[in-house]
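>>> Mind folding the following:
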Amino acid sequence: MIMMNIYSQSILDDYNDVLTIPELAKILRVGRNTAYNLVNSGEIKSVRVRNQIRIPKSSILEYLG
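Numbering: from 1, shown residues only. I've put the predicted structure just below:
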């Protein structure tokens, strides 16, 4: 578990603290629709800013466990 967390953090070092759906998809190596589904289902917490979805880095780390 600790190894996964360290690995996850190192992957996210190249990104801003708040990510977009395309960035989320790239990090998780999933398609755009899957990334939207993860966010819309609440599995990955996100914030809406007008018509845009933003995902805090901490939400991705929480999802990855």
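>>> What is the neighbour count of the residue nearest to residue 28 when sequence neighbours are not counted?
Nearest non-adjacent residue to residue 28, counting by Cβ to Cβ, 6 or more residues apart in numbering: residue 35, 6.8 Å away. (Each C-beta comes from the backbone N, C-alpha and C, glycine too.) Residues contacting residue 35 under the criterion other Cβ atoms under 10 Å number 23.
>>> quick one: what helix or strand has residue 35 in it?
Element membership for residue 35, per DSSP states H and E: helix 32-40.
>>> I figured residue 55 hits residue 19, correct?
Yes: contact status for residue 55 versus residue 19: in contact at 4.7 Å, counting by Cβ atoms under 8 Å.
>>> In terms of pLDDT, where does the residue nearest to residue 28 sit?
The per-residue pLDDT reported for residue 35 equals 98.
>>> tell me the contacts of it?
By Cβ atoms under 8 Å, 6 or more residues apart in numbering, the residues touching residue 35 are 21, 22, 24, 25, 28.
>>> Drop anything exposed from those.
If you count burial by 16 or more other Cβ atoms under 10 Å, the buried members of these come out as 21, 24, 25, 28.
>>> Now the first one: closest residue in space, sequence neighbours ignored.
The reference is to residue 21. residue 35 is the one closest to residue 21 (Cβ to Cβ, 6+ apart), at 5.1 Å.
>>> what about the strands in the protein?
Along the chain, counting by DSSP state E, strands occupy 18-19, 47-49, 52-56.
>>> Between those, which one is closest to residue 65.
strand 52-56 (15.9 Å; Cβ to Cβ).
>>> Give me the buried positions along the closest one.
53, 54, 55.
>>> now swap in stretch 44-62 and tell me
Those would be 44, 46, 53, 54, 55, 57, 59, 60, for stretch 44-62 by 16+ other Cβ under 10 Å.
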